[in-house]
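Test case, fold it:
(one chain, ligands or ions: 2)
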Amino acid sequence: MIVVGIETSCDETAIGILEFKQKRIKILANLIHSQVKIHQKYGGVYPFLAKREHKRNLPILFEKSLKILKHKKIDLIAVTKGPGLEPCLWEGINFAKEISKKLKIPVLGVNHLEAHILINFLGKRKIKNLLPALCLVISGGHTVLFLMEKIGKYSLLGQTRDDAVGECYDKIGRLFSFSYPAGPKIGEFLKNYKPKSKFEVKFPRPMINQKNYDFSFSGLKTAIFYDYKKQPDEIKKSKDYAYFVLKEMKNAVSDVLISKTFRAKKEFLVKSILVGGGVAADDFLQKRFEKEAKRQKIKIFFPEKKYCTDNGVMVSLNGYFNFVLKKKFEKEIFANPDLTI
Ligand code: KG4
Ligand code: ZN
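Residues are numbered from 1 along each chain as shown. Ligands and ions are numbered 1, 2, ... in the order given. Predicted structure coming up:
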């Protein structure tokens, strides 16, 4: 069975193709056209430019997909239906419907949050042994914690009340001249830069002591902005200052995410923790989570880096699961920018 997955919820136009053959999964394509360069001057994603780029790039990527497939038949099309930027979601959905009609192939919609988590199952055999699982999506648009009883059966535990983690990284990164998306660049900077002087900075861990599973990162962002604003110009430009601020920012974010995730682990007696989304590619965060998981004797999984950020392979895999689990095919797929879990 061959499944084509289409992703256009934000600024990546992506098509992933998986082949399912007797319990083996072969990755036939992971095509991504990134729009990063276009959005960089706006410091974030500009939805209508993103929509225009999706419209332009989808046919090009699909042509490439057909070349890769040669004459192999596509059995199913899966497309992201939400959450995400509404105009962008519609581009993907309309394109998927068009090829579904033209090639007479069924099409189904996929939840972007679910796809960011299920990609952890790529290449895993005994999925049942990992369930129930605690799932944490950390990306540029989302910070969501939910419980997976089995594939398709979820309950939402909490989510961010304002900024997502990736959004916080990107905005604070901009303060220190890291272009959008700043997340990976901050990571490289912290890994390679050796500071010569020390700065004492301490920022809040928002909502860490609240007995719910919600998050908030805008207060952290504001605290960093204020600290920056009161510094003289030479310190604002100092790499040493940037180093200690960014390190403390990552520690604050990790402390909150780890504290809430592992409290949920105790409350719900899960067998594993699955993390996904662009920020799951952060080595600093991965190491801190892995250390805690080892201490608390629980399995934890992160997708391969290239499958943390938005991609079509995760949509394809999620589409396959929906299909084999006989999740109902919707009569009509609608974009739902606020779709939750
Ligand atoms: O999942 P994603 O591609 O898009 C959304 O669904 O939002 O996530 C993008 C976010 C951006 O904020 C970006 O800065 C962050 O993920 N990101 C990273 C890394 N790679 C991407 N943050 C930290 N370390 C990385 N290696
Ligand atoms: Zn995403």
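
The lowest-mean-pLDDT helix or strand in the chain packs against which elements?
Least confident helix or strand of the chain, by mean pLDDT, DSSP states H and E, is helix 36-40 with a mean of 81. Using 3 or more Cβ pairs under 8 Å, 6 or more residues apart in numbering; DSSP states H and E, the elements in contact with helix 36-40 are helix 47-69. Glycine gets a C-beta too; all of them are placed from N, C-alpha and C.

can you tell me how far the residue of the chain positioned farthest from its centre sits from ligand 1?
Relative to the mean C-alpha coordinate of the chain, counting by Cα atoms, centre = their mean, the farthest residue is residue 232 (36.3 Å). Between residue 232 and ligand 1 the computed distance is 29 Å (Cβ to the nearest ligand atom, to the nearest Å).

what about whichever residue of the stretch 1-150 of the chain sits closest to ligand 2, how many neighbours?
Checking the stretch 1-150 of the chain residue by residue against ligand 2 with Cβ to the ion singles out residue 139 as nearest, at 4.4 Å. The number of residues packed around residue 139, counting by other Cβ atoms under 10 Å, is 25.

Excluding sequence neighbours, find me the nearest residue to it.
For residue 139, the nearest residue in space outside its immediate sequence neighbours is residue 277; the separation is 3.3 Å by Cβ to Cβ, 6 or more residues apart in numbering.

any idea how far the residue of the stretch 1-150 of the chain closest to ligand 2 is from residue 224?
The gap separating residue 139 from residue 224 is 20 Å, by Cβ to Cβ, to the nearest Å.

got it, and residue 267?
When distances are taken as Cβ to Cβ, residue 267 and residue 224 turn out to be 31 Å apart.

What of residue 61?
According to Cβ to Cβ, residue 61 stands 38 Å off from residue 224.

more neighbours, those two?
When neighbours are counted by other Cβ under 10 Å, residue 61 and residue 224 differ, and residue 224 comes out ahead with 23 against 19.

Please identify the helix or strand for the more buried one.
Assignment of secondary structure by DSSP states H and E places residue 224 within helix 218-229.

can you tell me the average pLDDT over that helix?
The predicted model gives helix 218-229 an average pLDDT of 96.

Also stretch 269-286?
Computed over stretch 269-286, the mean pLDDT rounds to 97.

Indicate whether it makes contact with ligand 2.
No. Stretch 269-286 lies out of reach of ligand 2 by Cβ under 5 Å from the ion, never closer than 5.5 Å.

Can you list the buried residues in that stretch?
Residues 270, 272-282, 284-286 are the ones in stretch 269-286 that count as buried (16 or more other Cβ atoms under 10 Å).

same deal with stretch 94-107?
94, 95, 96, 99, 100, 105, 107.

need these in a markdown table with distance to ligand 1, pLDDT and secondary structure, can you?
A markdown table is the format used below for the buried residues of stretch 94-107 (distance: Cβ to the nearest ligand atom, whole Å; pLDDT from 0 to 100; DSSP: H, G, I helix; E, B strand; the rest coil):
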| residue | distance to ligand 1 | pLDDT | secondary structure |
| --- | --- | --- | --- |
| 94 | 20 | 98 | helix |
| 95 | 19 | 98 | helix |
| 96 | 18 | 98 | helix |
| 99 | 24 | 97 | helix |
| 100 | 24 | 97 | helix |
| 105 | 26 | 95 | coil |
| 107 | 22 | 96 | strand |
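
Taking those residues together, which two end up most distant?
94 and 105 (15.4 Å; Cβ to Cβ).

And the residue of the stretch 201-341 of the chain found nearest ligand 1, how far from residue 305?
Among the residues of the stretch 201-341 of the chain, residue 278 lies closest to ligand 1, at 2.2 Å counting by Cβ to the nearest ligand atom. The span separating residue 278 from residue 305 equals 10 Å under the rule Cβ to Cβ.

measure the spatially most central residue of the chain to residue 125 for me?
The residue at the geometric middle of the chain, judged as the C-alpha nearest the mean C-alpha position with Cα atoms, centre = their mean, is residue 277 (1.9 Å). Distance of residue 277 to residue 125, computed by Cβ to Cβ: 24 Å.

With residue 106 instead?
Per Cβ to Cβ, residue 106 is found 27 Å from residue 125.

Tell me the residues of this structure that contact ligand 2?
Near ligand 2, the residues belonging to the chain are 139, 310 when assessed by Cβ under 5 Å from the ion.

mind showing which ranges of the chain have poor pLDDT?
Low-confidence segments of the chain (pLDDT under 70): none present.
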